[in-house]
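> would you be able to build a 3D model of this:
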Amino acid sequence: MPAPCSRRRRYRTFMMIAAGLSAFSAYFSMYAFRKAFAAGSYGGVEGWTALLDFKTAAIIAQVAGYALSKAAGVTFIAELSSRRRGLLIIGLISASWLALVAFACLPPSWKIVAMVLNGFPLGMIWGLIFSYLEGRRESEFLGAVLCASFIVASGAVKSTAMWLMTVMKIPEFWAPACTGLLYAPLLVASVVILSRTPPPNEEDVRDRTLRKPMMRADRQAFLTAFGPGLLVLILAYVIFTALRDFRDNFATELWLELGEGGSASIFTLSELPVAIVTLTALAGLMMIRDNVRALLLIHGVCGMGALLIGLSTFAYQADLISGLSWMITTGAGLYLAYTPFNAMLFDRLIAAARWSGTAGFLIYLADASGYAGTVSLLIWKSLAEKNLDWLSFYSGLSYFGSGAGLILMSVSMLFFVRRLRAMGPQTGD
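Here you go, the predicted structure:
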């Protein structure tokens, strides 16, 4: 019997590596359709007379579409069955590409509408891809690999778009659609491989509970049991999301003020160390079998990330580190705090509570709130803080995110320690 067991383990290892890599490359490719447009500056757009500058308006429009999608996904992803997920991923991203073509062709005001239409279908992609990975003993590793995709992908696709504009002389408004086309073959191949991932086995279900769609009554029961703690977590996530999106969407402007603008590679090179730190820290959580202990440790990782944001900002302002080091360290702290919400935190919460359901419901509940916070921040920054420079605003936002995030994660940890102990061996079946 040892030989068949060994073969099963090797097959399991191979399939999990394939699942992680295909999920990484699928979501990485999606970012070409979402973030490439942020590489442009869009200054002096002819015919644009609105109060907001064009790029800020386009970012708000895309994030608004994305936020609406996340709100719809609270129900859609929670009730999603496993049938034809791959085709749905390809179809949604194709629709977002058509919106990028419209962005290039339409008059300025209609370009903003096109960005709403670009953001909406893309908001469903994370839940569709993560549904292949959740509820497994290796979910921390798989989730960390998947999360690493959006850390490096944003910089990589912006580097690609910048290369298209500066070297290939592609017009600024056409660069996003052209970037998407370049990544389309990788997207299709990745989704085909991901679709072959087997479902969780009996050992996965024993350790991480059964994962199944959550109907309305199931969702209400879970919110009744854990509502206060979830509210605190979501508030923390709103702050981390707003900070992360500001850093990501306005990376071009931040690098220019730091004296590093004009280099296509800076977007990618600055994010690679961030991805390595985050992937290493979060993948190690897979080794912890006890779900409650793992959940509390994830809270600690988020808190440490929040603390690093504030400390690195102080070090930069005290001239202890360079601007490049500051961007890398705030990025590392930010993604240590932000990334667990997108995968392992809610996956472990479902498992710790012994609740039969899907982490996708909680991820989308948090995401819908998080992106609403991003839209609010962008509007407030544009209308109320026009005279602040990018670095000053980012520094202040970093201090606020660090302090508030650390407090909220501490409160959440205390809540879940008490609530899970009080529940004992109860389940949500």
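> any weak-confidence spans in the stretch 51-200 of the chain?
Counting by pLDDT under 70, the stretch 51-200 of the chain has no low-confidence residues at all.
> what ranges do the helices span in the stretch 151-300 of the chain?
175-194, 202-208, 216-249, 251-257, 266-283, 291-317 (DSSP state H, counting those that start in this stretch).
> who touches the fifth one?
Counting by Cβ atoms under 8 Å, 6 or more residues apart in numbering, helix 266-283 makes contact with 39, 140-141, 143-145, 147-148, 151-152, 154-156, 158-159, 162, 251, 255, 260, 301, 324, 327-328, 331-332, 335-336, 339-340, 344, all of which sit outside it. C-beta: built from backbone N, CA, C; applies to glycine.
> again, only this time at 6 Å
With Cβ atoms under 6 Å, 6 or more residues apart in numbering as the test, helix 266-283 has contacts from 141, 144, 148, 151-152, 155-156, 158-159, 255, 260, 327-328, 331-332, 335-336, 339.
> okay, the angle between that helix and helix 216-249?
Put simply, helix 266-283 runs at 140 degrees to helix 216-249, going by axes from the mean of the first three to the mean of the last three Cα atoms, to 10 degrees.
> next: the last one.
Taking the same axes, to 10 degrees, one finds that helix 291-317 is oriented at 20 degrees with respect to helix 216-249.
> what about helix 291-317, distance to the chain center?
17 Å (Cα atoms, centre = their mean, to the nearest Å).
> cool, the third one as well?
Centre-to-centre, helix 216-249 and its host chain are 13 Å apart (Cα atoms, centre = their mean).
> in that helix, what's buried?
Within helix 216-249, the residues scored as buried using 16 or more other Cβ atoms under 10 Å are 218-219, 222, 226, 229-230, 232-249.
> could you do the first one as well?
Of the residues in helix 175-194, those with enough neighbours to count as buried (16+ other Cβ under 10 Å) are 175-180, 182-184, 187, 190-191, 193-194.
> just stretch 252-259 next, same as before
For stretch 252-259, by 16+ other Cβ under 10 Å, it's Thr252, Glu253, Leu254, Trp255, Leu258.
> equivalent analysis for stretch 105-120, please.
Neighbour-count burial for stretch 105-120 [16+ other Cβ under 10 Å]: Pro108, Lys111, Ile112, Ala114, Met115, Val116, Leu117, Asn118, Gly119, Phe120.
> what of stretch 193-213?
Buried-residue list, stretch 193-213, by 16+ other Cβ under 10 Å: Ile193, Leu194, Ser195, Thr197, Pro200, Asp204, Arg208, Thr209, Leu210, Arg211, Pro213.
> what lies in contact with that stretch?
19, 22-23, 26, 79, 86, 132, 134-137, 351, 354, 356, 358.
> quick check, nearest of those residues to Tyr66?
Ala26 (17.5 Å; Cβ to Cβ).
> how many neighbours does the closest one have?
Close neighbours of Ala26, defined as other Cβ atoms under 10 Å, add up to 29.
> that one and Val145, how far apart?
Separation of Ala26 from Val145 (Cβ to Cβ, to the nearest Å): 11 Å.
> cool, Ala23 as well?
Counting by Cβ to Cβ, the gap from Ala23 to Val145 is 7 Å.
> cool, and Phe400?
Counting by Cβ to Cβ - Phe400 and Val145 are separated by 31 Å.
> who has more neighbours, the two?
Val145 (25 against 15).
> may I see the buried residues of the host helix or strand of the more buried one?
Val145 belongs to helix 139-166 when elements are defined using DSSP states H and E. For helix 139-166, burial by neighbour count (16+ other Cβ under 10 Å) applies to 139-165.
> that helix vs helix 216-249, what angle?
Using the same axes, to 10 degrees, helix 139-166 lies at 40 degrees relative to helix 216-249.
> just want the angle from helix 139-166 to helix 175-194.
150 degrees.
> helices or strands up against helix 139-166?
Contact partners of helix 139-166 among helices and strands, from 3 or more Cβ pairs under 6 Å, 6 or more residues apart in numbering; DSSP states H and E: helix 2-34, helix 175-194, helix 266-283, helix 344-352.
> tell me which of the ones you listed lies nearest to Ala104.
helix 175-194 (5.6 Å).
> any idea how far the closest one is from the middle of the chain?
On Cα atoms, centre = their mean, the centre of helix 175-194 falls 18 Å from the chain's centre.
> quick one: it to helix 2-34, angle?
Using the same axes, to 10 degrees: helix 175-194 against helix 2-34 is 160 degrees.
> outside of stretch 47-55, which residues touch it?
Contacts of stretch 47-55 (Cβ under 6 Å, 6+ apart): Tyr42, Val45, Pro108, Ser382.
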